[in-house]
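A.B. asks: Give me the fold of what follows.
(one chain, ligands or ions: 1)
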Amino acid sequence: MAKKPQSYRRGSAIMRGSQIPTETADTKLLRSRRTDPWRVLRIQSEFVEGFGSLGELGNAISVFGSARTSPDSHDYRVAEEIGRLIVERGFAVITGGGPGCMEAANKGAAEAGGTSVGLGIELPFEQGMNPYLNLGINFRYFFARKVMFVRYSRGFVVMPGGFGTMDELFEALTLVQTGKVEMFPLVLVGTEFWTPLVDWIRGSLLERGLIGTADMDLFSVVDTAEEAVDAVFSGLERIENGSGKH
Ligand SMILES: C/C(=C\CNc1ncnc2c1ncn2[C@@H]1O[C@H](COP(=O)(O)O)[C@@H](O)[C@H]1O)CO
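C.D. replies: Next up is the predicted model:
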């Protein structure tokens with residue numbers, strides 16, 4: 001059972017004590033159908049707020065990765081370095097605004113004097129957004145938040161992570177594979193972590209014809225922060241020159 005937080009954010013409201021709700025807006029939406037027609041307005045307002053806040057952002061790269069990565073770990077240091085290097089190339093950094101790899105990338109970006117964005121999500125065990133954001137937007141609905149990542153990012157760096165990270169990775173892959181969005185660089189960081197998944201994708205999905213050979217080119221795998229940022233920006237250059245793949 002998740003521990004009850006001391007304070008809770010829902011949209012622009014902060015709740016404490018007895019006012020803390022027992023379920024999130026996402027949970028309610030998925031449980032009850034009776035009020036669905038009216039919920040559309042709230043969902044719509046989330047898109048309006050997101051588009052309104054991010055419209056002027058300029059070029060940005062999203063960094064995904066585990067919420068559980070410890071600040072004294074190798075992955076945290078790599079994500080922090082990635083945040084810094086992205087900012088040094090003149091791009092903003094977007095993360096999920098939470099702890100772990102998200103915090104690390106935001107820290108690197110903010111401390112390098114860049115734009116550090118967090119797209120937070122209302123969760124039952126909310127810990128609040130990390131302190132390294134200079135633009136933070138909190139979403140009630142995962143799906144609205146996901147649209148913002150794709151709409152405002154020119155590329156994606158993916159650190160090791162759990163279900164949330166996998167969801168974000170495969171959403172990005174599916175959107176490019178199906179041509180729903182333009183090609184963007186997708187770089188996985190950490191060969192030791194990602195190689196078993198890549199081997200499974202090749203040995204199982206590709207082998208059975210469930211994906212095409214070209215789909216293996218939709219992402220690349222690297223080890224260091226420098227390699228990750230180089231891969232994103234050279235991928236972007238190739239896409240802009242019309243030669244497409246990574
Ligand atoms: C689990 C913990 C905190 C959760 N807080 C989160 N805040 C913001 N974004 C989150 C959070 N948890 C997951 N995400 C999103 O999914 C990805 C990480 O998920 P994973 O399962 O940890 O890999 C991340 O990129 C976020 O966008 C404290 O322990």
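A.B. asks: what sits opposite the residue nearest in space to the middle of the chain in the beta ladder?
C.D. replies: The centroid of the chain falls nearest to F64 when counting by C-alpha atoms, centre = their mean (4.2 Å). Counting by DSSP bridges, F64 forms beta bridges with V158.
A.B. asks: which residues of this structure fall in strands?
C.D. replies: Ranges of strands within the chain are 7-10, 13-16, 60-64, 92-95, 116-121, 135-139, 155-158, 186-189, 220-222, based on DSSP state E.
A.B. asks: out of those, deepest packed?
C.D. replies: Neighbour counts (mean count of other C-beta atoms under 10 Å) averaged over each of those peak at strand 92-95, with a mean of 29. Backbone N, C-alpha and C define where each C-beta goes, glycine included.
A.B. asks: and that one, how far out from the chain's middle?
C.D. replies: How far strand 92-95 lies from its chain's middle: 9 Å, per C-alpha atoms, centre = their mean, to the nearest Å.
A.B. asks: Please name the nearest non-neighbouring residue to Q127.
C.D. replies: Nearest residue to Q127, sequence neighbours excluded (C-beta to C-beta, 6 or more residues apart in numbering): P99, at 6.1 Å.
A.B. asks: who's in contact with the one you found?
C.D. replies: With contact set as C-beta atoms under 8 Å, 6 or more residues apart in numbering, P99 has these partners: 67-69, 127, 130.
A.B. asks: same question, T115
C.D. replies: 57-58, 60, 87, 92-93, 109, 134-135.
A.B. asks: which one among those residues gets closest to the ligand?
C.D. replies: Set against the ligand, the nearest of the contacts of T115 by C-beta to the nearest ligand atom is V93 (12.3 Å).
A.B. asks: quick one: the spatially closest residue to the closest one that is not a sequence neighbour and G128, what's the gap?
C.D. replies: Using C-beta to C-beta, 6+ apart and skipping residues adjacent in sequence, the residue nearest V93 is A109, 3.8 Å away. A109 is 18 Å from G128, where distance means C-beta to C-beta, to the nearest Å.
A.B. asks: Now tabulate the contacts of P99 in CSV and tack on pLDDT, neighbour count and distance to S116.
C.D. replies: Below are these laid out as CSV (pLDDT from 0 to 100; neighbours: other C-beta atoms under 10 Å; distance: C-beta to C-beta, whole Å):
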residue, pLDDT, neighbour count, distance to S116
A67, 96, 18, 17
R68, 97, 13, 20
T69, 98, 23, 17
Q127, 71, 13, 18
N130, 96, 24, 9
